[in-house]
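Engineer: with the sequence up front, the predicted model follows.
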Amino acid sequence: MITNFFIPELNNHDVQELWFQQDGATCHTARATIDLLKDTFGDRLISRFGPVNRPPRSCDLTPLDYFLWAYVKSWVYADTPQTLDHLEDNVRRVIADIRPQMLEKVIEKWTSRLDYIRASRGRPMPEIIFKM
């Protein structure tokens, strides 16, 4: 994905000042992945084993991280699916049931998170901001 999609897409944009941050998931920190990202971003890579280490307990600022995965998981497993087909049906149903109003609220929370991070110059966010 990095070599076939991400890097070619970056070539369409000015990324001289762009920083790249990723979490510490094992698949994200494979030597080949880190080497490729270092070649692309140089010292502007925030990652485990990267030039700038990702801070422990770093806040997740993307809606996928702080909302979607937890929301979907909580509803997908609510009835304890016993088969792969049941699990897939639950995932499809839960995703289809997400309404625009919910996504509007998520985006409002996202912008407030960004505003807080900018104003606090990256200090940890108080727990209250994580509540939906």
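Structural biologist: Thanks, I have the structure now.

Engineer: mind checking how far the lowest-mean-pLDDT helix or strand in the chain is from the chain centre?
Structural biologist: Using mean pLDDT, DSSP states H and E, helix 63 stands out as the lowest-scoring helix or strand of the chain, at a mean of 75. Here helix 63 is found 7 Å from its chain centre; the criterion is Cα atoms, centre = their mean, to the nearest Å.

Engineer: and the strands in the protein, which stretches?
Structural biologist: 20-21, 45-46 (DSSP state E).

Engineer: for residue 69, which of the ones you listed is the nearest?
Structural biologist: Residue 69 lies closest to strand 20-21 among the strands of the chain, at 17.3 Å (Cβ to Cβ). For every residue, glycine as well, the C-beta is placed using N, CA and C.

Engineer: distance from the closest one to the middle of the chain?
Structural biologist: Distance of strand 20-21 from its chain centroid, counting by Cα atoms, centre = their mean, is 11 Å.

Engineer: make CSV out of the strands of the chain and add distance to residue 66.
Structural biologist: Formatted as CSV, the strands of the chain follow (distance: least, Cβ to Cβ, whole Å):
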stretch, distance to residue 66
strand 20-21, 15
strand 45-46, 18
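
Engineer: and the ones you listed, which one's lowest on average pLDDT?
Structural biologist: Ranked by mean pLDDT, the strands of the chain bottom out at strand 20-21, which scores a mean of 82.
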